[in-house]
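Enquirer: Predicted model, plus sequence, below.
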Amino acid sequence: MYRKISILLFICAFGLTLNAQNTPVKEITVESIWKTYDFYAKGFPGFKGMKDGEHFTKITMSGNSWSVTKHAFSDYSGQGETILTEKDMLYAGKAVAMEEYEFNGDETKMLITTNVESIYRRSYSADFYIFDLVSKKLTPLDADRPGANLAEFSPDGSQIAYAHGNNLYIKNLKTNKITQVTKDGKFNNIINGTTDWVYEEEFAITKAFMWSADSKQLAFLRFDESKVKEFELAFYGQLYPQIYKYKYPKAGEDNSKVTAHIYKVGGKTVQLNLGEYEYIPRLKWANTSSKLVIQTLNRHQNHVRYHLIDASGKSPVQHVFFEEKSDTYIEIDDNLLILKDEKSLLRTSEASGYMHIHRIGFDGSNQQITTGNWDVIEFLGVNEDKQMIYYTSAEKGAIHKGIYRVSLTDLTKKALSPETGSHDAEFSEGMRYFVKTSSDANTPNTISLCNAEGTEIGVLETNQKLKEKLATYPLSKKEFLTIQGADGPLNAWMIKPANFDPNKKYPVYINIYGGPGHNTVADRFEGNDYMFHQLLAQKGYIVFSVDPRGTYYNGAKFKKSTYLQMGKLEVEDFISAAKELGKMAFVDKDRIGIQGWSYGGFMTSLAMTKGAAYFKMGIAVAPVTNWRYYDNIYTERFMRTPAENASGYDDNSPINFVKDLKGKYLLVHGSADDNVHYQNSMDMITALTNANVQFDMFIYPNKDHGIYGGNTRNHLFSMLLNYTLRNL
């Protein structure tokens with residue numbers, strides 16, 4: 001007996017159990033996912049297409065040392081020519097780490113990024129060095145100003161523009177002279193060349209400057225955020241908490257006053273007169289001339305104007321050449337490219353009811369290039385010599401992402417990847433080759449080199465070791481299905497336990513997001529999240545997810561149906577999905593739980609209150625609980641202001657329905673969340689307390705919206721697992 005017990009303990013210690021056939025079965029653990037990262041899928045680090053369009057560089061590892069190597073697309077062998085080694089990275093006798101690199105125009109110099117420190121979601125400060133590939137000399141960009149932002153070579157490679165201390169600077173690489181372009185920058189007051197918090201978060205833009213094609217002018221935005229109200233974050237760990245204040249415009253509150261400017265190198269700065277607007281979300285120079293296109297947007301974000309600025313003379317001349325209006329809102333994205341004829345540009349629009357590519361003439365003409373009842377996802381670029389546009393789209397349904405090309409001349413189309421699954425492309429200069437990253441719901445990424453016809457010419461990363469490792473676990477396939485929502489069928493997926501028995505009844509764990517901008521139901525590999533869901537299935541749960549109305553890639557009508565009432569239709573769909581699950585013979589309808597993060601936390605909180613009869617357990621991580629507390633660009637895009645739409649805000653705030661909560665409810669938040677403020681959870685707690693409703697909570701000190709760093713994710717997901725095991 002003693003020997004038998006010892007053997008079993010030995011097996012369990014190595015994460016093994018015995019199945020019904022006495023065959024060892026490997027167990028997934030939270031630690032293996034979030035502490036040792038056993039299921040991490042490799043990428044392809046340091047890929048940069050070269051200017052000739054025939055070569056690329058990448059970071060190559062040899063033991064513990066790295067180098068940057070150059071390769072030909074047409075004859076990729078995996079070896080390549082070494083152009084930079086770790087030993088080259090010495091300054092003043094000290095080693096300089098490399099986290100990112102860029103080439104100048106003639107590829108004789110490299111801009112090296114190191115000591116990166118995150119500021120918000122997309123912004124960071126860093127130290128920058130210049131490496132001369134001819135002299136093999138490494139020098140700092142600006143030794144007097146460490147911790148700069150957004151350094152970028154001019155197109156001719158002779159200068160570098162960068163931001164520091166909310167001001168813009170230019171370094172001439174021939175003379176090493178540094179020119180301070182702006183001088184009024186001040187924290188929480190004036191920003192030049194980069195963006196404020198809300199532009200970064202909601203327009204996905206941090207670099208607010210751009211070189212002209214001839215390297216003689218620099219267009220940039222200036223943010224006057226002096227009237228924007230401050231928000232305070234407390235950081236703990238010292239005798240007195242450290243208070244960090246930053247500008248955060250909540251729904252209905254004042255924004256930064258943003259203006260556009262052009263600096264002529266060696267000369268003066270002029271401000272552009274763009275008329276009435278609230279936002280300047282994008283600016284773009286033409287490829288060869290001094291023509292600049294700027295988008296302006298009104299406060300409701302349903303009227304966008306395209307301004308053409310001719311900056312070739314002493315004073316810029318501008319006019320509006322195109323505008324678009326919507327009854328709801330207009331999406332702002334990076335799908336904007338000026339063609340070489342400099343008489344037109346390519347953009348995407350939902351004017352037809354689906355997101356499609358349009359050719360807009362500077363004379364105001366509008367030609368729709370792609371058509372169909374499907375959405376373009378991303379505009380990848382154009383080969384103007386061959387008159388071919390490249391893009392990704394959801395042509396085979398919202399769960400899929402394929403790579404396509406379409407002719408500008410006759411509009412014929414070709415798929416360059418499988419049309420199901422998930423496929424991304426990064427094209428090289430000249431649009432003759434691209435790197436393709438492909439996966440599906442149950443298969444990690446494969447990364448390959450392709451020519452412009454989509455033919456694979458080399459494999460860069462197969463993630464074969466990870467695939468072999470996954471094969472040693474009893475994983476269940478993620479299966480796609482449709483389920484009836486409150487107003488029609490919805491896309492969904494399900495993971496069943498590996499030993500699934502249709503004659504048994506299983507509890508269901510529903511993972512959700514449910515808001516604009518992120519679909520949880522997609523035929524792509526989702527790494528650690530996928531493995532956590534497999535862990536839940538291993539513990540005997542059915543894991544399920546569904547995309548309600550308001551999510552993407554089913555056309556504008558489906559996506560914009562939630563306008564002015566965020567939360568209402570989505571929770572109706574989640575409740576309907578729970579009802580439909582409850583009808584399935586193998587589902588225990590009394591044991592359905594729901595979990596979501598951010599917008600998903602908002603939806604979880606609504607489901608646990610408005611849908612209390614259908615959900616036994618809910619876990620809300622970093623939830624919005626009242627849209628009055630969230631930033632104005634995001635919130636007003638979908639809701640307008642609280643003064644205009646008070647009922648839309650209040651009728652769908654879970655704070656106002658806490659008395660209806662019945663099941664087990666866990667509230668989790670990072671105390672230093674700069675995005676969805678801790679205030680959301682604090683007021684939810686107040687409402688629950690006033691209603692005498694019991695709940696559970698956990699706060700992660702000093703953690704932001706991502707709740708990560710150190711052992712945090714391991715701790716968080718261990719807690720989520722244990723809470724589920726106890727309460728569902």
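Expert: Everything's here; your move. This one's a predicted model, so the numbers in the text were calculated from it and none came from an experiment.
Enquirer: how much space between K396 and H423?
Expert: 11 Å (CB to CB, to the nearest Å). Where C-beta positions appear, they are placed from N, C-alpha and C, glycine not excepted.
Enquirer: now D424, nearest residue through space, not along the chain?
Expert: By the measure of CB to CB, 6 or more residues apart in numbering, the closest residue to D424 outside its immediate chain neighbours is T437, 4.6 Å from it.
Enquirer: what do you get for T85?
Expert: S67 (4.5 Å).
Enquirer: I figured the one you found hits T60, correct?
Expert: Yes. S67 is in contact with T60 according to CB atoms under 8 Å; the separation is 5.3 Å.
Enquirer: residues bridging contact with these two, i.e. touching both?
Expert: Taking CB atoms under 8 Å, 6 or more residues apart in numbering as the contact definition, S67 and T60 share the neighbouring residues T82.
Enquirer: Buried ones in stretch 675-685, by neighbour count?
Expert: Within stretch 675-685, the residues that qualify as buried are N675, V676, H677, Y678, N680, S681, D683, M684, I685, counting by 16 or more other CB atoms under 10 Å.
Enquirer: so can I have CSV of those residues showing secondary structure and distance to M617?
Expert: Conversion of those to CSV gives the following (DSSP: H, G, I helix; E, B strand; the rest coil; distance: CB to CB, whole Å):
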residue, secondary structure, distance to M617
N675, coil, 25
V676, coil, 22
H677, coil, 25
Y678, coil, 23
N680, helix, 20
S681, helix, 18
D683, helix, 22
M684, helix, 17
I685, helix, 18
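Enquirer: Save these as JSON lines, and put in pLDDT too.
Expert: Conversion of the buried residues of stretch 675-685 to JSON lines gives the following (pLDDT from 0 to 100):
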{"residue": "N675", "pLDDT": "98"}
{"residue": "V676", "pLDDT": "98"}
{"residue": "H677", "pLDDT": "98"}
{"residue": "Y678", "pLDDT": "96"}
{"residue": "N680", "pLDDT": "98"}
{"residue": "S681", "pLDDT": "98"}
{"residue": "D683", "pLDDT": "97"}
{"residue": "M684", "pLDDT": "98"}
{"residue": "I685", "pLDDT": "98"}
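Enquirer: Mind picking the one among those residues that's closest to P548?
Expert: V676 (19.6 Å; CB to CB).
Enquirer: and that closest one, what does it touch?
Expert: Taking CB under 8 Å, 6+ apart as the contact definition, V676 lies against S598, G601, A622, P623, V624, Y630, H669, H705.
Enquirer: Can you tell me which of those end up in strands?
Expert: Counted as lying in strands by DSSP state E, out of those, are H669.
Enquirer: Max pairwise distance over the contacts of V676: which two?
Expert: So for these, where distance means CB to CB, the most widely separated pair is Y630 and H669, at 14.0 Å.
Enquirer: if you count what's nearby, which of those two comes out ahead?
Expert: Neighbours were counted for Y630 and for H669 using other CB atoms under 10 Å; H669 has more, 27 against 23.
Enquirer: Was I right to think that one contacts D683?
Expert: No. Under the criterion of CB under 8 Å, H669 lies out of contact with D683, with a separation of 11.5 Å.
Enquirer: Name the SS class of the residue nearest to T85, please.
Expert: strand (DSSP: H, G, I helix; E, B strand; the rest coil).
Enquirer: for L720, same thing?
Expert: Assigned state for L720: helix (three-state reduction, three-state DSSP).
Enquirer: what about it, distance to L133?
Expert: Using CB to CB, which is the criterion applied here, L720 is 49 Å from L133.
Enquirer: So between these two, which is more surrounded?
Expert: L720 (20 against 17).
Enquirer: Disregarding flanking residues, what is the spatial nearest neighbour of K229?
Expert: Nearest residue to K229, sequence neighbours excluded (CB to CB, 6+ apart): E253, at 5.9 Å.
Enquirer: just to revisit the earlier point, Provide a list of residues in contact with the residue nearest to T85.
Expert: Counting by CB under 8 Å, 6+ apart, S67 touches I59, T60, T82, L84, T85, E86.
Enquirer: chain center to the strand or helix carrying K469: distance?
Expert: Here K469, judged by DSSP states H and E, is contained in helix 464-471. Using CA atoms, centre = their mean, to the nearest Å, the distance from the centre of helix 464-471 to the centre of the chain it belongs to is 27 Å.
Enquirer: right, and the helix or strand after it?
Expert: strand 479-485.
Enquirer: Give me the contacts around that next one.
Expert: Under the criterion CB under 8 Å, 6+ apart, residues 399, 441, 489-496, 521, 523, 546, 548-549, 572-573, 576-577, 580-581 lie in contact with strand 479-485.
Enquirer: Among those residues, name the ones in strands.
Expert: Among the contacts of strand 479-485, the ones falling in strands (DSSP E) are P489, L490, N491, A492, W493, M494, I495, V546.
Enquirer: Farthest pair within these?
Expert: Between any two of the ones in strands among the contacts of strand 479-485, the greatest separation by CB to CB is 20.0 Å, found for P489 and I495.
Enquirer: Who has more neighbours out of those two?
Expert: The residue with the greater number of neighbours, taking P489 and I495 and applying other CB under 10 Å, is I495; the counts read 26 against 10.
Enquirer: does that one really touch K539, like I thought?
Expert: No. With contacts counted by CB under 8 Å, I495 stays clear of K539, the gap being 11.7 Å.
Enquirer: Now do stretch 206-216: everything it contacts.
Expert: 122-123, 149-150, 152, 154-156, 158-159, 161, 163, 168, 191, 193-195, 199-200, 217-221, 223, 264-265, 283-290, 292, 311.
Enquirer: and those residues, which are buried?
Expert: Buried members of the contacts of stretch 206-216, scored by 16+ other CB under 10 Å, are 123, 149-150, 152, 154-155, 158-159, 161, 163, 168, 191, 193-195, 199-200, 217-221, 223, 265, 283-286, 290, 292, 311.
Enquirer: Among these, which ones are in helices?
Expert: Taking DSSP state H as the definition of helices, these contribute Y199, E200.
Enquirer: returning to that earlier point: JSON lines for the contacts of V676, including pLDDT?
Expert: Rendered in JSON lines, the data for the contacts of V676 read as follows (pLDDT from 0 to 100):
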{"residue": "S598", "pLDDT": "98"}
{"residue": "G601", "pLDDT": "98"}
{"residue": "A622", "pLDDT": "98"}
{"residue": "P623", "pLDDT": "98"}
{"residue": "V624", "pLDDT": "98"}
{"residue": "Y630", "pLDDT": "98"}
{"residue": "H669", "pLDDT": "98"}
{"residue": "H705", "pLDDT": "97"}
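Enquirer: now, which of the contacts of V676 sits nearest F362?
Expert: Distance from F362 was checked for each of the contacts of V676 by CB to CB. The minimum falls on Y630, at 37.4 Å.
Enquirer: got the ones in strands among the contacts of strand 479-485 as JSON lines, with distance to L90 and pLDDT columns?
Expert: Written out in JSON lines, the entries for those read as follows (distance: CB to CB, whole Å; pLDDT from 0 to 100):
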{"residue": "P489", "distance to L90": "62", "pLDDT": "98"}
{"residue": "L490", "distance to L90": "57", "pLDDT": "98"}
{"residue": "N491", "distance to L90": "54", "pLDDT": "98"}
{"residue": "A492", "distance to L90": "55", "pLDDT": "98"}
{"residue": "W493", "distance to L90": "51", "pLDDT": "98"}
{"residue": "M494", "distance to L90": "55", "pLDDT": "98"}
{"residue": "I495", "distance to L90": "51", "pLDDT": "98"}
{"residue": "V546", "distance to L90": "55", "pLDDT": "98"}
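Enquirer: ok, these vs T562, which is closest?
Expert: Closest approach between the ones in strands among the contacts of strand 479-485 and T562, by CB to CB: L490, at 13.4 Å.
Enquirer: gap between that closest one and Y614?
Expert: Going from L490 to Y614 by CB to CB gives 16 Å.
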